[in-house]
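Asks: got a predicted model here, sequence first, then my questions.
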Amino acid sequence: MFSDLLNKLNSDTTGSLQHHFGAELWLSVTIVVMLLFRLLSLDRFVPTFIVALVGAAAAGWAAFGQFSEIVAADGVAPLTFFGDMLRHDLFSVFFRIFLALFLILTIALTVLTGIPDNEDAPDFYSLLLGATIGMMIMASANNLLMLFLGVEMASVPSYAMVGFLKGRKPSSEAALKYVVYGAGAAGVMLYGISLVAGVLGTGDMSLMAERLSIVAESGSAGFGDPEVRTVALGVMLVMVGLAFKLSLVPFHFWCPDAFEGASAEVAGFLSVASKAGAFALLVRFCIGLSGVPATAELMTAFGIGLGAIACVTATFGNLAAYTQRNIKRLLAYSTIAHAGYMLMAVAALLVMINSGSAKALTHDINACIGGLLYYLAVYLFMNLGAFAVVALVRNYTFNEDVDSFKGLIGQSPALCITMLVCLFSLIGVPPFGGWVGKFMIFASVYKAAQLHWAMYVVLAVGGLNTVFSVFYYLRIIRAMVLEERPADAPSVKLPSMEGYYVCVLAGMVLLLGLAPGLVNGLTAIASKAGDSVMAVIGR
Amino acid sequence: MSILFTIFALAACLGAVAVVISQSMARMAFWLVVSLGSTAGLFFLADADFVAAAQLLIYVGGTLVLLVFGVMLTASGPYLKIQTSPAETVVAGLIGLLFLFMVFATVSGVDWEGTKTKMLAENGQSTPTEKFDDQSEGDTLRPLGLALLGVRPDSPNSPGYLLPFEIASVHLLVVLIGAAYLARAKRRGDGS
Amino acid sequence: MSTTLAANSIAEFLNETDLWFIGKLSPETALIISACIHAAILFHVFAVCPAVFIWLERKGSGRIQDRLGPTRVGGRFGWLQSLADGIKLVQKEDLCPPVADAMLFKSAPYIVCLASFAAFVVLPFSHGWVAVSADCGLFIMLAILSLEVFGIIMAGYSSGSKWSLFGGMREAAQMVSYEIPLAICSLIPVVAAGSLNLGEIGDMQGGAFWNWFIFHDPFTFVAFFVYFVVATASCKRAPFDLAEAESELVGGFHTEYSGMRWSYFFMGEYASMFAVCGVAAILFLGGWHTGLPFLDVPLAWLRAEGGVEGYLANVLGAGVFASKASFLVFVQIWVRWTLPRLRIDQVMITCLKYLVPISCFLFLGAVIWPLVFILVSNAITPGTVRTTIMEPIGARVAVGYTEKKQSSDSPSSIGPSAPAESDAWGSSGPAEKHSSTDVKGGSLTVGLSTAEVVR
Amino acid sequence: MQPDLTSYLLVGAVLFVCGVVCMATKRNGIGVLMGVELVLNGANVNFVAFSKYTALGLDGQVFSLFVIVLAAAEAAVALAIALNFYNNHLTIDVDRANKLKG
């Protein structure tokens, strides 16, 4: 047994680490290196952000290596590693690249805005990297334990990051609210996990549907069956935790407070990366539960329920954003609304998978997941762009109200144009990246609507919400472009580096909407990633 | 067995109820200790010696001591009291009871024996007695340790837990850094 | 097994005897009665042992300070001084300050006492003489001992006095911090033994004193002394007795206590002193083995044989064990009256900046030691030296597992009555598990056969 | 009460519900955290019971071990945040945390 143990350890570590776990490993190493640098006082010579950037870049490089490996093999069989704990497929690699890219951009932003000073930088970047590792694990989790571990790893450092400006009252208040609600949601989710795992006798997410169909065989395979009822209760409780991470109504209340209290950089990180990880996890969890006839009815109902939540979330987010004066709060409600849009894709996915004719719909299902991924990719640039502008303007005006943006066009055209591009993209106006993503999601919802009428309602609500959202985004635009800058307002003079940075973000948003090659390429990769994550069902 | 179980179960439940209804923070902490300690007793009865000891060592001896420190450090008066309006407590209690009833009604309907047999067949094990036999009950140390290293002699088809074991240490490191940052006072100047 | 006077045998006795007045007992009732008897025995032993240690403390401190110490009560050496103290304490009024949180104030001493005494449940006194032979006995022991801190915080907080609060906070910080090196240091012999079962660890060190784990390798040798320092601190003994610090804190967390409640704290303190010293005796000093080959070998044979002689051998073993542990307690007393007290920041720095890194280093060394040993011996005589020294870590894991498997394959080896409960309270103790011949032929579900592993 | 799976699950459910009620009714931030501990513990009771009585086997115990570890980590950060809040506001009352309103 001892040599068996050694062999297994050896094959697990040397075999899996480089090929499947490189990105996470690089980030872990970077955390330790940052600690060592502080211990040995090396951070006087090498600024910490350089270490963090190098680590993030190495993670991105490792993830890209995995990506090219998979693409070269073209349809390499998705596999599990580390004792079935994680799943290695194009889907998880996509999220690794996504998160690594986002990490690089966020670190660059924090360097430009200088939010962690030199003394606190190692702490801040350790938390940032630690949270990112958690999100990567969320994206590739194949076990309920990894689900919980990933959520915790992503959340707990986030709590600390929200309270990072520890001398400020709003910051500590936001952190307290976030941690209290977050811990509660995690606890409820864990209870749900215990029920699911207990009934199904395994923590393996890819086996859930199969197990459920075996358990339910004796009964009527619907809600009449106590086993199915127990699992449904557990899934509901798990959804509470995930809904909290996704800031879905009615578990959204932390989001505006946390975003307003946190610095804009952290808020940007939470609004993009945390959502991305949670969506990846939600997709994996939902797919793990579907795909067998026994659960079809249950999961279709679940999908429609998600659709209803998506409608309520999007509508609530957009309506509540109207009255906001603080721009971070406004963007928080916008984040809630966008989570609603993206959830529509998941709802459509569930309806399509469980409609019974899975084979015929393979293309549509892949396109559905692909649309979600595309939307997330665009969302990275447009939302980060918006938060970057907020952070940069804050550094000059010391104010985060919408009013502080008045007449920005005369002060710094680069910032103003970036903000315009990002906001128009967030609305979903045609030439920008947001439009493509939104179109893909709505197309999937339309496809799903042909299978179940309820999705027509979702589609209609989604369309209506796009119209709602125009107004509050326009308020910012009006303030920036049309209104006069008050005489006593501090001036915003942007140094060149910051200008380049925001221009890159705006440029990416534009390219993702305009460059056909890029759009097609990314779409193809995204739906291939959808294909790879669906492979669980194709057993 | 059943007497011990009843004692521990009652202590755990009553402790939990007392946590909810007591108004003083320190007493809440005390009842929490009672509840979690009795839970550890339940774990011993459920043949999970190692988990029970971990519960005592980490939860009761570590986390709760931390919480009590928090109570003391944030107390404004000699004994921190918290007022909860009775109406709110009653409403919350009723909803809680409703939920409890729902969970219990759902769970008690499940045919656990049948489920277990089916699942064991699915796991690739023939007899249910193979996993927990009476002689080795409570001696979960070796299989647990091996499971955390990724080897599962007790059930070959089950997953190994090497990755969570290792990655949790990274998590603990990060969390430690974060907690230390939040708790320490900001140093003035650059210290040179 | 039937003659060893441990929990299982009383349970069996009650089980099998047809009592004339109530007939045959049910297995469960028998188990509960025997458990109660054992709890009572344990409790009385450790209610007496603080009394002895308190007398020892007073006598020792008197001698060290060039005084006589107690001389009057109970004859020439003041034997009965502790008894007199106890009677005095019982008579005292049980005070509860009006500002105190009465419920917590009154229950805190019980928590301290309970935590210290409950730890003895897994502490073996001789071969197989243990209330619960748990596989992770050492871990359970440390876990239960760690509960003591909670009672102390409660006592400090609920007294409503700042002296108590300061004392309680200091004490809690100190105990929580010192738990870390304590746990790491006690893991070092565990690495050498490959088991957390205190009974097994004790059994492994028979034969001669060079088999004691303190002489196993240089790291365990150093670890013993580190462990002893840390154990002294975690029992809040001088020079780490900041919690009481009479000169600064009046009496620390127990300032407001009087009478029996006050004495509970002291019983708890002395009981936990004996507990950590007993762990030290088992982990490092050979437990119940005398360390003399001409005594140990026949004794081990007698124990294995059982019968009245085996029982007597076990009594002797318990005596050896108790005297080893008592000697360590005496050293703690000796140190108390010799060294000056540290300041609170010095106490914390000693722990966190020195003892924790040292114990981590020792642990690392103890883990690497066998590997280095193999490399060196392979370099000297390539191919001939097998991995015998790896047995502690690797093979014992496998052997222990196979052992369990085997015993579950043949349930007849354990007493027929109440098989489910026999292990929870069982005292059969581990057989001689670690000879490779025993386990040959044991079937492993995965991997190699045992014979191959042990080879 | 004979120890069987249902009675274990009942204990777990009681702990869970008490924790949720505690989270909902307590004003004190640390009180809410105690509620969280109860909830996590309820889940742990479930895991251990499942590990004894169902096919989950040893996995249940591994789950509960990780839960204990993660709960400790979470409590550390939560407490640091609560202390930080207290330093800024001189209270730990969650209801007083009302600066952030929209």
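Replies: That came through, no problem.
Asks: contact partners of the helix or strand hosting residue C:109?
Replies: Taking DSSP states H and E as the criterion, residue C:109 maps to helix C:102-118. Here helix C:102-118 makes contact (Cβ atoms under 8 Å, 6 or more residues apart in numbering or on different chains) with B:26-27, B:30, B:33, C:42-43, C:46, C:96-97, C:144-148, C:150-152, C:154-155, C:157-159, C:256-257, C:261-262, C:264-265, C:267-269, C:271-272, C:275. For every residue, glycine as well, the C-beta is placed using N, CA and C.
Asks: check stretch A:62-73 too.
Replies: A:19-20, A:22-23, A:25-26, A:76, A:88-90, A:93-94, A:96-97, A:100.
Asks: specify which member of the residues you listed is nearest to chain C.
Replies: Top of the list for closeness to chain C, among the contacts of stretch A:62-73 and by Cβ to the nearest Cβ, is residue A:25 at 21.9 Å.
Asks: for chain B, which element, helix or strand, carries the lowest mean pLDDT?
Replies: None of the helices or strands of chain B scores lower by mean pLDDT, DSSP states H and E than helix B:112-123, at a mean of 73.
Asks: number of nearby residues for residue D:7?
Replies: If you count neighbours by other Cβ atoms under 10 Å in any protein chain shown, residue D:7 ends up with 18.
Asks: I should have written residue C:75 there, sorry.
Replies: Using other Cβ under 10 Å, the number of residues around residue C:75 comes to 9.
Asks: just say helix, strand or coil for it.
Replies: coil (DSSP: H, G, I helix; E, B strand; the rest coil).
Asks: from the chain's centroid, how far away is the least confident helix or strand of chain B?
Replies: 26 Å (Cα atoms, centre = their mean, to the nearest Å).
Asks: next, the buried residues of whichever helix or strand comes after that helix.
Replies: Sequence order places helix B:141-148 as the next helix or strand after helix B:112-123, per DSSP H and E. Within helix B:141-148, the residues that count as buried by 16 or more other Cβ atoms under 10 Å in any protein chain shown are B:141-144, B:146-148.
Asks: give me phi/psi at residue A:81?
Replies: phi -140, psi 180 (degrees, to the nearest 10).
Asks: give the contact list for the residue positioned nearest the centre of chain B.
Replies: The residue lying closest to the centre of chain B (Cα atoms, centre = their mean) is residue B:55, at 6.6 Å. By Cβ under 8 Å, 6+ apart, residue B:55 lies in contact with B:36, B:39-40, B:43, D:44, D:68.
Asks: ok, now with 10 Å
Replies: Neighbour list for residue B:55: B:36-37, B:39-44, B:48, B:61, B:63, C:143, D:41, D:44, D:48, D:64-65, D:67-68 [criterion: Cβ atoms under 10 Å, 6 or more residues apart in numbering or on different chains].
Asks: and chain A, which of those residues reach it?
Replies: D:41, D:44, D:48, D:64, D:67 (Cβ under 10 Å from any Cβ of the partner chain).
Asks: for the third one, give its distance to chain C.
Replies: Which is residue D:48. Here the criterion is Cβ to the nearest Cβ, to the nearest Å. By it, residue D:48 lies 15 Å from chain C.
Asks: can you give me the angle the host helix or strand of that residue makes with helix B:112-123?
Replies: Residue D:48 belongs to helix D:29-53 when assigned by DSSP H and E. Put simply, helix D:29-53 runs at 70 degrees to helix B:112-123, going by axes from the mean of the first three to the mean of the last three Cα atoms, to 10 degrees.
Asks: show me what helix D:29-53 is packed up against.
Replies: helix A:169-200, helix B:2-21, helix B:25-45, helix B:49-54, helix B:64-73, helix B:112-123, helix D:5-25, helix D:58-89 (3 or more Cβ pairs under 10 Å, 6 or more residues apart in numbering or on different chains; DSSP states H and E).
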